[in-house]
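Trainee: Give me the fold of what follows.
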Amino acid sequence: MKTSNKNFYFSVAILVGTIVGVGIFGIPYAMAQSGFFIGLVYFFILGGAILILHLMYGEVVSRTKEKHRLVGYTKKYLSPFWQIVVFFSVIFIILGALLAYIIITGEFLESLFGFNSFWWSLIFWFLLSLGIWRGIKAISFLEFLMAIFLFVVILVIFIIGVPNISFANLITFSPQYIFLPYGIILFAMAGIQAIPEMRAIINIDGKQYKKAIIAGTLIPLILYFLFALVVIGITGSSTSQEAISGLINSLGSSLVFLGAVFGVLAAATSFLILGINLRHTLEYDFKIKKNLAVFLVCISPLIIFLLGVQNFIEVVSVTGSIGTGIGGIVLILLYKKAKIKGEKEAEYNLNFPSPVIYGLAAIFILGIIYQIIYLF
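Mentor: Residues are numbered from 1 along each chain as shown. Below is the predicted model:
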């Protein structure tokens, strides 16, 4: 295999591995509540929105000589105000994700071994907090393996589950839950942190870079759709919040056990990656000593959990709607500014019409407003 092809496939795998995670387990429940075909509309609109964001970020990266991440690009092209906004949105997303992992792992472990999910969540939090304190090397590689494992699990569930699909389960509609899939799909689809890493792998081949971003975004979207189709087609309005436990009667305990094991492992690796990343941010950028940084990272989601925020769907929805929404708005501003102030010619050049850009911004702004109104 040519090196260029190898780099292309590896870069696609990085984006797929970054996107695919425990967010997939919330999608079937959200679509089952709103209606499967309503969920499909969200898939098309939000999938397209995320693809555009990823491509915009890729152009920002390719127009800049130095290597940065989102906070660094915001500092370079936008005002200090937006840099602060981005920093706090990143904190918001990470803490929301950590909390979601604590909640869903408790539910998975309860389905595997019985016992109360609350105590399983606390055990998970304690053990993974030790991992954040010690630091885990090569955890990104484990995350990549988890993505492969998920592909296998989802394909097996799809193959075995298709004969059990009932079309009647796919034609329900509940107007009161019509906005539920929005934040959950955003949470599950965003993978912007992988875009600069892909650029480093593909180097200067702009056409390959653009194609890799498109492929790496669409593959998870298709995977999520197949998973949601089978789960909702089998369990309908009885779809459980974490999608897996409701499949026992139709697919058997062994397959559901495999899915739950994956959920625990995926949550553990993601918890470590995000937790260690936030710990290093506090250590390196704010000069906070290691033990205090670990304490702040680990105690924050635990306090929120103990205060009673223990609904996986609500946490993912809020994190996706507000956190990813703010990140999307900033990326649009970055893209427009880099078009003007970029340091070099882009390796690919996007020319989205103004209505597309403004429509994209409107989607995120309205999503944030709705979520805030819903919370209060």
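Trainee: contacting residues around residue 78?
Mentor: Counting by CB atoms under 8 Å, 6 or more residues apart in numbering, residue 78 touches 330, 333-334, 337. Bear in mind the C-beta positions are built from the backbone N, C-alpha and C, glycine included.
Trainee: so how far is residue 330 from it?
Mentor: 7 Å (CB to CB, to the nearest Å).
Trainee: Likewise for residue 36?
Mentor: Distance from residue 36 to residue 330, by CB to CB: 32 Å.
Trainee: how close does residue 293 sit to residue 98?
Mentor: Separation of residue 293 from residue 98 (CB to CB) stands at 14 Å.
Trainee: which of the two has more neighbours?
Mentor: It is residue 98, of residue 293 and residue 98, that has more neighbours when counted by other CB atoms under 10 Å, with 28 against 21.
Trainee: Enumerate the positions of the helix or strand hosting the more buried one that are buried.
Mentor: Assigned by DSSP states H and E, residue 98 belongs to helix 80-113. Buried residues in helix 80-113, counted by 16 or more other CB atoms under 10 Å: 82-83, 85-87, 89-112.
Trainee: Work out for me the element the most centrally placed residue in the chain sits within.
Mentor: The chain has residue 188 as the residue nearest its centroid, 3.6 Å off, counting by CA atoms, centre = their mean. Assigned by DSSP H and E, residue 188 falls within helix 180-189.
Trainee: Which neighbouring elements make contact with that helix?
Mentor: Helix 180-189 is packed against helix 27-34, helix 36-62, helix 206-235, helix 312-318, helix 354-375, with contacts defined by 3 or more CB pairs under 8 Å, 6 or more residues apart in numbering; DSSP states H and E.
Trainee: so what does the last one touch, helix or strand wise?
Mentor: Yep, that's helix 354-375 we're talking about. On a contact count with 3+ CB pairs under 8 Å, 6+ apart, helix 354-375 meets helix 36-62, helix 180-189, helix 312-318, helix 325-341.
Trainee: out of those, nearest to residue 10?
Mentor: For the helices and strands packed on helix 354-375, the distance to residue 10 is smallest for helix 36-62, at 16.1 Å, taking CB to CB.
Trainee: starting at the chain centroid, how far to that closest one?
Mentor: 13 Å (CA atoms, centre = their mean, to the nearest Å).
Trainee: now the angle from that helix to helix 206-235?
Mentor: Interaxial angle, helix 36-62 versus helix 206-235 (axes from the mean of the first three to the mean of the last three CA atoms, to 10 degrees): 160 degrees.
Trainee: Mind checking the pLDDT average for helix 36-62?
Mentor: Helix 36-62 carries an average pLDDT of 94.
Trainee: Give me the packing partners of it, helices and strands only.
Mentor: helix 27-34, helix 70-77, helix 180-189, helix 195-202, helix 206-235, helix 325-341, helix 354-375.
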